[in-house]
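A.B. asks: After the sequence you'll find the predicted model.
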Amino acid sequence: MVIGSESPEHQVIFHVVNFWNFLNPRPENAPPEYDVGRVVFEGGGWRVTLQSVPGLGDLEACLRNDSGCGITHVGRAEKVDGSAFSRKDARELFDALHSFLSFARGMWSPPILYVGVDRSGTPVWQDWTVRQASPWRVVMTWFPEHEPQCLAGAFPGFMRLWLDPDHRDILQVAIHWYIEANLGSGAIEGAVILCQNGLERLAYYIMVHERRTLRERDFGRGGLSAAERLRRLKAWHDFRGTITLHPNLCFTIADVVWDLFIEGLLRPGFNDSNRNLPFFHLTDFGKEAIKDDSTPYDPDGYIKSLKNKVPNIDPVIVRYVTESAQTLRQNCLLSSTVTLGCASEQAFPLLIEAYHDALNAADQTKVDKDVNSSWMIKHKHTAFMKWYESALKPRLKVAFSSDQIGELDTALDFVFTYFRKNRNDVGHPSDVPLSRATCTAHLTIFPSYLRVFYDLMDWLKANKPL
């Protein structure tokens with residue numbers, strides 16, 4: 001029943017049934033008028049003040065004995081910006097407060113007896129609507145009576161969800177099942193079923209509609225078990241709770257995320273309901289790029305993997321490979337190909353030097369004459385491969401398996417020539433076809449290719465003089 005006019009009001013006075021007798025800790029420098037029975041919380045543009053009634057301790061004792069209902073708190077609701085609002089706005093707020101306060105209390109604890117007040121303090125309407133209330137009882141709840149300010153921490157997020165119609169529906173259903181289970185409806189067995197029903201509804205909404213990490217059929221006949229659905233929900237909740245960032249990392253992470261956008265691995269939007277930032281998704285190209293643990297799209301991880309494969313790697317090679325991976329991530333495929341070719345060509349003179357040092361003086365002179373007769377890397381490669389086939393390979397066949405010899409042949413001749421030719425082709429104006437997938441493959445095989453060079457250099461150093 002509503003009495004009064006539809007005039008806009010600036011405050012609403014209301015009363016709460018059977019809420020906890022909370023105590024707000026008194027700060028050291030609190031003024032004399034500080035009230036330990038008062039708490040203020042804001043959310044959705046509203047400021048709500050909740051004040052315990054005088055003599056609440058005695059009233060609570062009576063309610064405990066009689067299992068009845070009583071007005072335990074008086075409240076005031078107003079807009080944070082001080083603006084006027086309608087009676088409809090107030091009713092929508094009290095619908096939210098009914099669920100929020102009951103959720104905190106662990107049983108139905110409604111706001112009732114609303115009085116709308118205009119700017120001058122004159123009552124303009126009264127609402128005597130009856131809401132569901134539970135008789136007083138002690139129940140388990142998440143709300144700590146000696147930390148009522150947690151209401152101020154929870155209310156903004158609650159209102160943010162409540163103001164979204166889709167979230168409001170699932171909130172109301174979940175809170176309903178939670179309270180009925182907490183009240184022991186249907187005895188212990190019934191309470192377990194009610195609680196599980198609420199959790200499964202939450203899991204369905206969050207994992208299927210909001211996060212889209214599960215499908216409709218996962219909640220149907222033949223889908224995931226009830227235990228697995230709840231395990232997935234808990235895993236999602238635990239993951240959200242473990243992310244705590246140091247303030248100094250925020251800009252670093254933002255830089256990395258923007259780099260991934262530029263590189264084409266991420267794009268804005270998550271689903272049809274969240275098509276723009278801050279939501280984002282992994283592109284098809286991104287899904288392919290992250291399949292390999294040593295992907296060049298992980299700058300630190302790729303170089304770390306390279307150094308793990310080749311611990312004594314030449315720093316010049318590292319410099320060129322790093323730039324090759326960096327330019328690939330920026331889709332500069334010509335630059336990536338040229339710099340990777342330079343890294344490969346830096347490895348070959350190191351191998352020639354290791355072979356030279358492993359020879360006796362007479363053979364060193366012959367190798368120097370053949371290999372250094374031209375500054376061109378192609379000539380040096382051709383001259384070395386003649387020595388490799390005629391003098392070095394027969395020695396290696398005694399120490400290496402046939403598979404290892406095959407790897408050496410492929411790396412020293414075919415792969416080296418392939419990288420050198422690619423570098424030459426793109427280093428001159430030409431219409432050489434390149435793709436991200438091809439350049440990614442080049443960088444992916446490079447660590448293993450380079451490992452072959454260094455394995456041979458290590459053997460030469462360990463077995464000199466030949």
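C.D. replies: Okay, I see it.
A.B. asks: C342 is in contact with R423, isn't it?
C.D. replies: Yes: counting by C-beta atoms under 8 Å, R423 is a contact partner of C342 at 6.9 Å. In short, each C-beta sits where N, CA and C put it, glycine included.
A.B. asks: Now do the strand ranked longest in the chain: which elements does it pack against?
C.D. replies: The longest strand of the chain (DSSP state E) is strand 71-79. Packing partners of strand 71-79 (3 or more C-beta pairs under 8 Å, 6 or more residues apart in numbering; DSSP states H and E): strand 11-17, strand 46-52, helix 56-66, helix 87-105, strand 111-117.
A.B. asks: cutoff 7 Å now
C.D. replies: strand 11-17, strand 46-52 (3 or more C-beta pairs under 7 Å, 6 or more residues apart in numbering; DSSP states H and E).
A.B. asks: how about these, which one is nearest A133?
C.D. replies: Of all these, strand 11-17 sits nearest to A133, with 4.6 Å by C-beta to C-beta.
A.B. asks: Check which element follows that closest one along the chain.
C.D. replies: strand 38-43 (DSSP states H and E).
A.B. asks: Walk me through the domains of the chain.
C.D. replies: Domains of the chain are assigned by automatic domain parsing as 1-146, 164-244, 247-289, 299-462.
A.B. asks: Throw the ones you listed into TSV and include distance to G153, mean neighbour count and mean pLDDT, thanks.
C.D. replies: Formatted as TSV, the domains of the chain follow (distance: least, C-beta to C-beta, whole Å; neighbours: other C-beta atoms under 10 Å; pLDDT from 0 to 100):
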stretch	distance to G153	mean neighbour count	mean pLDDT
domain 1-146	8	16	87
domain 164-244	14	15	79
domain 247-289	20	13	76
domain 299-462	36	16	87
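A.B. asks: who wins for proximity to F158 among the ones you listed?
C.D. replies: Closest among the domains of the chain, using C-beta to C-beta: domain 1-146, at 5.4 Å.
A.B. asks: which ones are touching G43?
C.D. replies: G43 is in contact with 155-156, 158-159, counting by C-beta atoms under 7 Å, 6 or more residues apart in numbering.
A.B. asks: Would you mind listing which of the residues you listed are buried?
C.D. replies: For the contacts of G43, a neighbour count by 16 or more other C-beta atoms under 10 Å gives the buried set as 155, 158-159.
A.B. asks: related to what we said a few turns ago, in CSV: the helices and strands packed on strand 71-79, plus distance to V208.
C.D. replies: Conversion of the helices and strands packed on strand 71-79 to CSV gives the following (distance: least, C-beta to C-beta, whole Å):
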stretch, distance to V208
strand 11-17, 36
strand 46-52, 31
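A.B. asks: Which among those strands is found nearest to E189?
C.D. replies: Among the helices and strands packed on strand 71-79, if distance is taken as C-beta to C-beta, the winner is strand 11-17, at 29.0 Å.
A.B. asks: Pull up the pairing partners for that closest one, direction included.
C.D. replies: Here strand 11-17 has these sheet partners by DSSP bridges: strand 71-79 (antiparallel), strand 111-117 (antiparallel).
A.B. asks: any idea how far the residue lying farthest from the centre of the chain lies from V426?
C.D. replies: Most distant from the centre of the chain: A362, at 63.7 Å, with distances by C-alpha atoms, centre = their mean. Noted for A362: a distance of 41 Å to V426, by C-beta to C-beta, to the nearest Å.
A.B. asks: same deal with D259?
C.D. replies: When distance is defined by C-beta to C-beta, D259 is 24 Å away from V426.
A.B. asks: Now the helix or strand harbouring D368 - C-alpha only, PDB.
C.D. replies: Using DSSP H and E, D368 sits in helix 361-371. C-alpha atoms of helix 361-371 as PDB (Å, rounded to 0.1, in the frame of the first residue of the first chain):
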ATOM      1  CA  ALA A 361      99.900 -26.400 -39.500                       C
ATOM      2  CA  ALA A 362     100.200 -27.800 -43.000                       C
ATOM      3  CA  ASP A 363      96.500 -28.400 -43.400                       C
ATOM      4  CA  GLN A 364      95.700 -25.000 -41.900                       C
ATOM      5  CA  THR A 365      97.700 -23.300 -44.700                       C
ATOM      6  CA  LYS A 366      95.800 -25.300 -47.300                       C
ATOM      7  CA  VAL A 367      92.400 -24.500 -45.800                       C
ATOM      8  CA  ASP A 368      93.300 -20.800 -45.500                       C
ATOM      9  CA  LYS A 369      94.300 -20.700 -49.100                       C
ATOM     10  CA  ASP A 370      91.000 -22.300 -50.300                       C
ATOM     11  CA  VAL A 371      88.500 -20.700 -47.900                       C
END
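A.B. asks: could you say what helices and strands that helix packs with?
C.D. replies: Looks like helix 361-371 contacts helix 333-358, helix 377-387 (3+ C-beta pairs under 7 Å, 6+ apart).
A.B. asks: Using JSON lines, please lay out the ones you listed together with distance to F143.
C.D. replies: Below are these laid out as JSON lines (distance: least, C-beta to C-beta, whole Å):
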{"stretch": "helix 333-358", "distance to F143": "58"}
{"stretch": "helix 377-387", "distance to F143": "75"}
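A.B. asks: Quick one: closest of the ones you listed to M140.
C.D. replies: helix 333-358 (60.7 Å).
A.B. asks: Spit out the contact partners of A174.
C.D. replies: If you count contacts by C-beta under 7 Å, 6+ apart, then A174 has 198, 201-202 around it.
A.B. asks: Just put these in CSV and tack on secondary structure and distance to Y297.
C.D. replies: Putting the contacts of A174 into CSV (DSSP: H, G, I helix; E, B strand; the rest coil; distance: C-beta to C-beta, whole Å) gives the following:
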residue, secondary structure, distance to Y297
G198, helix, 42
R201, helix, 39
L202, helix, 35
